[in-house]
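Trainee: I'd like to go over a predicted model; first the sequence, then the structure.
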Amino acid sequence: MSTPIQRVVVVGNGIAGLTAADTLRNVGFDGKLTIVGDETHAAYSRPALSKALLLDGDDMSSHELPPTTHGATELLGVRATGLDVDRRLVTLDDGAALPYDRVVLATGSRARRLSDLPEELTLRGLDDALALRKRLAGRPSVVVVGGGPLGMEIASGCLTAGCQVTLVSQGVPLILQLGPYLAEVFGKAALERGLTIVETGSARLDRRGGEAQVVLDDGVVLEAELVVTAVGDVPNMEWLADTGLADQGVVQVDSRGLVRPEIAAVGDLAAFPTPYGLRRIPLWSSAVEQAKVAAAALVRGDDTPPLQFQPYFWTEQFGLSLKAVGYLPLDGEPTYVEGGPGGPALMRWSHDDGSGAAVALNHRIPIPRLRRVSQMAG
Amino acid sequence: MRIVLDRPRCEGHGLCEEAAPDLMHLDDDGELVLDREEISDADSALANAAVRVCPVAALRLV
């Protein structure tokens, strides 16, 4: 770090970019800081979009975050179109080019779609959530495609809004993300609340009249007034196409979130070292922890302790609230540390590699305690 | 500077305690306890980190 750092550009105004900006200030960077965000909204909490924001009657503020304190120049409603790593420039879709000494790549990901049909709704950004919330007020019949946590949260929200809801899932809902034991707990709660679950090998969208319909692998057609898909996310990498930094659809970073000494990548587009190899972990706490380490490393280099991340995941759906620490999914049966099946419970699983995971179900427990339980000898 | 908790919003995740264990903790019932509400300049970075990490924005600095 021979030359002083005068200009840092953070590309992306989600929680990863925001945390990077905060951290840059915390570690003493007092130069020109610029944040670029492609949405016109102030940064918000994405996890809230598929939870409280869909459910609440009057409270439309569950996604709002406190005002920023980093004092950056915020360029909102502007998209980055390119990165010139040799000349150290971020180019924007309004024609501007921002020079940098250090840059943070935090453009996140977008919803993977099954079609180009405008009738296919997805839930990724605040505008998506507001649009969905508005549609739910008319209590349409709904088909949700996608049996992951997001699809299940959306289905739960639609049921609570009074809609008739069918969930289309590749295999048992949540089994890939949570493992068979918890998938069964959530599946049972969903059925009890009136969700119709259809398992299929694959699904595609078609259009008939003015409405989308879902065609399953056996030819069965599901019709609904509202079709929402939640079938994964795709990192926003197009603007990095000519940089050599894009590899297999992600940006691969080291244990400090760096691609090069002057380039960090954090959040949903970054694959970082984990016990299971380089991985994207598109979760709130992952974005926060990655950003803290990477922003510090941009300023302090190797003096920054590397990322030591243990995933934290939570979901609220069908009357169940789950908090999990450790790597998911979970095989086999848990040990019940507190409570038991069917009630509030604290559970523990041991992985084959000796690490553990702790899960609280309808049980209010602080994360530090969950972490301790996950680390108990199995 | 003072840290303020909006208790109805708090979901008891405890990410704030991880960010600033000297300033706050969750008790045995998972309720957040602010151990220090007045924040000195020396602690402002920690307090900011605790406020920022909350996914439901239950904390704010005034």
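Mentor: Happy to help now that I have it.
Trainee: can you list the residues of the stretch 151-300 of chain A near chain B?
Mentor: By C-beta under 8 Å from any C-beta of the partner chain, the residues of the stretch 151-300 of chain A that approach chain B are A:284-285, A:288, A:292. Where you see a C-beta, it was placed from the backbone N, CA and C, and this is true even at glycine.
Trainee: how many neighbours does the residue lying closest to A:Ala129 once chain neighbours are set aside have?
Mentor: Excluding the flanking residues, the one nearest A:Ala129 by C-beta to C-beta, 6 or more residues apart in numbering or on different chains is A:Leu49, at 4.0 Å. For A:Leu49, the neighbour count with other C-beta atoms under 10 Å in any protein chain shown is 26.
Trainee: SS state for A:Leu49?
Mentor: helix (DSSP: H, G, I helix; E, B strand; the rest coil).
Trainee: In contact with it, which residues?
Mentor: Counting by C-beta atoms under 8 Å, 6 or more residues apart in numbering or on different chains, A:Leu49 touches A:63, A:123, A:125-126, A:128-129.
Trainee: Which helix runs longest in chain B?
Mentor: Ordering each helix of chain B by length in residues (DSSP state H) puts helix B:44-53 first.
Trainee: Which positions in that helix come out as buried?
Mentor: B:45-53 (16 or more other C-beta atoms under 10 Å in any protein chain shown).
Trainee: what's the closest of these to A:Ile367?
Mentor: B:Val53 (10.4 Å; C-beta to C-beta).
Trainee: now the closest one, nearest residue through space, not along the chain?
Mentor: B:Leu15 (4.4 Å).
Trainee: The helix or strand harbouring A:Arg25 near chain B anywhere?
Mentor: Using DSSP states H and E, A:Arg25 sits in helix A:15-26. Yes: using C-beta under 8 Å from any C-beta, helix A:15-26 comes into contact with chain B via A:18-19, A:22, A:26.
Trainee: list the helices and strands that helix packs on?
Mentor: strand A:7-11, strand A:32-37, strand A:102-105, helix A:284-300, helix B:44-53 (3 or more C-beta pairs under 8 Å, 6 or more residues apart in numbering or on different chains; DSSP states H and E).
Trainee: could you dump these to TSV with mean pLDDT?
Mentor: As requested, the helices and strands packed on helix A:15-26 are exported to TSV (pLDDT from 0 to 100):
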stretch	mean pLDDT
strand A:7-11	98
strand A:32-37	98
strand A:102-105	98
helix A:284-300	97
helix B:44-53	91
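Trainee: As JSON lines, these with distance to A:Arg364 would be great.
Mentor: Output for these, formatted as JSON lines (distance: least, C-beta to C-beta, whole Å):
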{"stretch": "strand A:7-11", "distance to A:Arg364": "34"}
{"stretch": "strand A:32-37", "distance to A:Arg364": "34"}
{"stretch": "strand A:102-105", "distance to A:Arg364": "34"}
{"stretch": "helix A:284-300", "distance to A:Arg364": "18"}
{"stretch": "helix B:44-53", "distance to A:Arg364": "18"}
